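Visitor: how does the following fold in three dimensions:
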Amino acid sequence: METFTVQLTPLSRLLLISAFSTAKFTLLHEQHPLEDAIYENELINEEQMATLYQRIKNAKDTDKIQFSLDDEILIYTVLDVTCKTFLTNIGDEVKEINQDVIKSSGEDYAEVRNTLLKGCQVVMEGMRTSLSDNKKFMARVRQLNNLLDME
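Guide: This is a model prediction of the structure:
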């Protein structure tokens, strides 16, 4: 089995935790076109997502963590779903729910959202570059690229 060792940093760990949380929140929105597309295309295995989330959450900020190819595909999918979520009205709900926390921290929601989206995009680009010769991974990339066309 092909495995990938990734050195976590505080920022990468926080980004992954945030993305997994956003994807889980998206899956709670039954009858939303994005949630429907995720289930109809079997993009996320919730059990695998919960297990991987716990591994990342329980890891220390500087741990090296091993991921399988399926884990890498799930991570890419979760990052992509996070980006797509903020293009929908679910992103508006995320803003509303977190408004008080963000205000009390002195941050601006748009700034926090943009930082999260930029982080997702940078990691996704790196994954596409390093896994560009993997047919299974690239098939998922193409599937996710076409996802908005399905809605």
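Visitor: burial measure for residue 22, as a count.
Guide: If you count neighbours by other Cβ atoms under 10 Å, residue 22 ends up with 23. No exception for glycine: its C-beta is placed from N, CA and C like everyone else's.
Visitor: which ones are touching it?
Guide: By Cβ atoms under 8 Å, 6 or more residues apart in numbering, residue 22 lies in contact with 78, 81-82, 85, 94, 116.
Visitor: isn't there a helix covering it?
Guide: Yes: with DSSP: H, G, I helix; E, B strand; the rest coil as the criterion, residue 22 is part of a helix.
Visitor: look up how far residue 93 lies from it.
Guide: 11 Å (Cβ to Cβ, to the nearest Å).
Visitor: distance of residue 107 from residue 137?
Guide: Per Cβ to Cβ, residue 107 is found 34 Å from residue 137.
Visitor: swap in residue 120?
Guide: 16 Å.
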